[in-house]
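Enquirer: coordinates only, sequence not included:
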């Protein structure tokens with residue numbers, strides 16, 4: 001398993017982790033990561049469910065494990081991921097480790113097709129014009 005560790009906004013934690021685990025062969029550290037072009041090369045994302053990363057994961061058919069979220073702000077995104085079964089919420093790190101080892105995340109891929117709506121722009125336009 002190759003693991004990409006991204007800085008995002010937590011520069012202090014990123015600095016610590018990148019120094020502490022610098023010698024781990026399958027860890028790659030990114031202070032910047034072009035999600036739009038690179039996410040297609042990722043099999044699984046572990047992240048809090050901000051709207052941008054959830055949207056990009058859905059657009060790219062990448063399952064997401066949510067270890068934490070900001071109540072009221074990201075709770076709806078967490079619920080969306082759980083409802084459509086394109087990932088799940090799990091705050092226990094040992095259970096995330098188990099999931100990474102034993103869950104076949106490819107079984108979630110058909111759920112992405114069900115979630116995406118080809119006519120979403122029309123649906124939004126119709127709602128705005130109502």
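Expert: Ah, there it is. Being a predicted model, the structure only gives us computed values, none of them experimental. Numbering: from 1, shown residues only.
Enquirer: contacts for stretch 121-130?
Expert: In this structure, residues lying in contact with stretch 121-130 by CB atoms under 8 Å, 6 or more residues apart in numbering are residue 117. For every residue, glycine as well, the C-beta is placed using N, CA and C.
Enquirer: List the buried residues for it?
Expert: Residues of stretch 121-130 classed as buried by neighbour count (16 or more other CB atoms under 10 Å): none.
Enquirer: chain center to that stretch, what's the gap?
Expert: Here stretch 121-130 shows a centroid-to-chain-centroid distance of 28 Å under the convention CA atoms, centre = their mean, to the nearest Å.
Enquirer: And for stretch 33-45?
Expert: What separates the centre of stretch 33-45 from the centre of its chain is 9 Å, taken as CA atoms, centre = their mean.
Enquirer: which outside residues touch it?
Expert: If you take CB under 8 Å, 6+ apart as the criterion, stretch 33-45 is touched by 4, 6, 52-53, 56-57, 60, 62-65, 87, 100, 105.
Enquirer: repeat that for 6 Å
Expert: Contacts made with stretch 33-45 from outside it, assessed by CB atoms under 6 Å, 6 or more residues apart in numbering, are listed as 6, 56, 57, 60, 62, 63, 64, 105.
Enquirer: For those residues, name the two members farthest from one another.
Expert: Greatest spatial distance among those (CB to CB): 6 and 105, at 19.0 Å.
Enquirer: hang on, residue 52 in a strand?
Expert: No: with the criterion set as DSSP: H, G, I helix; E, B strand; the rest coil, the secondary structure at residue 52 is helix rather than a strand.
Enquirer: Let me know the distance separating the closest residue to residue 61 other than its chain neighbours from residue 81.
Expert: Counting by CB to CB, 6 or more residues apart in numbering, residue 61 lies nearest to residue 112, which is 4.4 Å off, once chain neighbours are set aside. Using CB to CB, to the nearest Å, residue 112 is found at 11 Å from residue 81.
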